[in-house]
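J.: Sequence below, structure please.
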Amino acid sequence: MVSPIEQPDKDSSDVSFDTLDTASLVSVESSPSSSSSCHRVSQWPSKFFIPSFSFDVEIRLRKGNEQYEKEQTTLNVPRDMKMEILDKLVELMYSFKAYPTDKEFESVARELVSKHPCLSEPGPDKGWQAWKMSLKHKMGNYRQKLCSAGCFEVTVNQKKKKGVKKPKHAEINFLPDHPPGINEEVLECERRAMVDELKKKNFNMNLLNEKMDITFSMRRQEIVQQQPLVSLVKEKWPGLFLQHQVYGEFKRITGIDLYKTFQFALETYANGLIRMFRTKGGDEIGTLLERLDQQVTKSKELDTQGVKIMMIEMVRDEEDSGTLDSMAVVIEDTVVVEGLPDYPTAFCVLFGLIYALNMEYPKEWKYTFETIQKVFLNLGEQCSARTLSLKNKLLQVLKL
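T.: The predicted structure is shown next:
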């Protein structure tokens, strides 16, 4: 059904781009606020905001910065002051991400020394390297404390359970804890009420949104830990497979408005993609479009036997392939969503379901989905050699 994509070089790059920073959807002036389910609501900010510290620490920093400006002398930071600074920063970092990357630790250290130059230390790195190492150590201690307190997000990684992994696709809520004061029994009652509501011809959309939000942690833990068949997930969580709830779940997991961001990226990159495809240097985009095209099957009936992942285009008349009836998404032999209006919408829903169902990118689609994730949605930093090549060429074309 699907021909494999040729494997590129295994090299990856640390190069990051600021173009189309659609992931930064909230102000960096404050940490994410808690929703009704107490899960994170935003990605790591493009520029980390250094918070204010206690009154006495701020006085020391202000006087230290004034002294540094006059004489270029750094502040001798006492242990209690350093611990407060690290504690405050680590708590804020954790509000965005449980496992920051090396670059993210570096960004916080750089911003700290930039705001308070009196904290810099001698060396070629302009004084932030020591703070970076201290932040890493402090974050490790902080996670250990959370683990001892029973925080599920970090406890599960201590147990080294098979199949449970840290976030790989820039998820900010990979495995959240249940809302405070709410246990499994309460969440199960909410789930059943949601299923009953969906049986109604005109169900209450606001009620559905509310119950999908509050049961997010329960649903996420089941999917990540138990890895059930998609058919079983659909039976237990039918609301998850409604088009608008696919987008809602993606936002709970990543903090990103999938549909709007995807459509914006299409509008931004469309002309560049077409121009690349028409040039000799468009091999990568040619392969990408070819693989996408191979995943669309035209049919009058939904035959899903043996299908791992596919989009099916339903047509009214086989002789008139231009007459589109609707699109459907199939995963693991199961039609999970149907009645979608067009191909971009179907692909967007499929991508969202990969996150919602905690699926690995299929080998045949690995670089296609990586392109959508890291180029279109700007989720994640490092790119494979092939995706980075495509991104560089696309950005070059768009500058012409």
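J.: got the contact list for H116?
T.: By Cβ atoms under 8 Å, 6 or more residues apart in numbering, H116 lies in contact with I50, L61, G64, N65. The C-beta positions use only the backbone N, C-alpha and C, and glycine is treated the same way.
J.: So what's the gap between stretch 131-138 and the chain middle?
T.: Put simply, stretch 131-138 sits 24 Å off its chain's centre (Cα atoms, centre = their mean, to the nearest Å).
J.: ugh, typo on my part, it should be stretch 254-271
T.: On the basis of Cα atoms, centre = their mean, stretch 254-271 sits 14 Å off its chain's mean C-alpha point.
J.: average pLDDT for that stretch?
T.: For stretch 254-271, the mean pLDDT works out to 90.
J.: ok, now stretch 325-332?
T.: Mean pLDDT, stretch 325-332: 88.
J.: And for D56, the neighbour number?
T.: Using other Cβ atoms under 10 Å, D56 is surrounded by 11 other residues.
J.: make that E69, sorry
T.: 11.
J.: before we move on, what about the one 3 residues further on?
T.: Counted with other Cβ under 10 Å, residues neighbouring Q72 total 10.
J.: how close does it get to E360?
T.: Distance, Q72 to E360, by Cβ to Cβ, to the nearest Å: 52 Å.
J.: What residue, apart from its backbone neighbours, is nearest P228 spatially?
T.: In space, and not counting its chain neighbours, P228 is closest to E222: 6.9 Å by Cβ to Cβ, 6 or more residues apart in numbering.
J.: pLDDT value on that neighbour, please?
T.: In this model, E222 carries a pLDDT of 95.
J.: Likewise for S27?
T.: If you check S27, the pLDDT there is 33.
J.: on that earlier part again, could you double-check that the residue nearest to P228 sits in contact with F216?
T.: No. Using Cβ atoms under 8 Å, E222 is not in contact with F216, being 11.0 Å away.
J.: Compare those two (neighbour count), which wins?
T.: A side-by-side neighbour count of E222 and F216, using other Cβ under 10 Å, places F216 first with 24 against 16.
J.: what about the closest residue in space to I172 that isn't next to it in sequence, is that helix, strand or coil?
T.: In this structure, I172 finds its nearest non-sequential neighbour in R40, 4.4 Å apart by Cβ to Cβ, 6+ apart. Under the three-state scheme (DSSP: H, G, I helix; E, B strand; the rest coil), R40 adopts coil.
J.: what helix or strand does V335 sit in?
T.: strand 334-340 (DSSP states H and E).
J.: where in this protein is pLDDT low?
T.: Low-confidence segments of the chain, defined by pLDDT under 70, span residues 1-38, 124-125, 158-165, 277-307, 314-324, 400.
J.: tell me the domain ranges of it?
T.: For the chain, the structural domains run 44-158, 184-254, 258-399, going by automatic domain parsing.
J.: And stretch 353-373, how far out from the chain middle?
T.: Its chain's C-alpha centre and that of stretch 353-373 lie 12 Å apart, by Cα atoms, centre = their mean.
J.: just checking, E153 touches D177?
T.: Yes. Look at E153 against D177 with Cβ under 8 Å: they come within range, at 6.2 Å.
J.: about what we covered before: so which elements touch the very next helix or strand once past the strand holding V335?
T.: Once the chain leaves strand 334-340, the next helix or strand it forms, by DSSP H and E, is helix 343-356. Packing partners of helix 343-356 (3 or more Cβ pairs under 8 Å, 6 or more residues apart in numbering; DSSP states H and E): helix 243-254, helix 258-277, strand 309-315, strand 324-331, strand 334-340.
J.: Thank you, goodbye.
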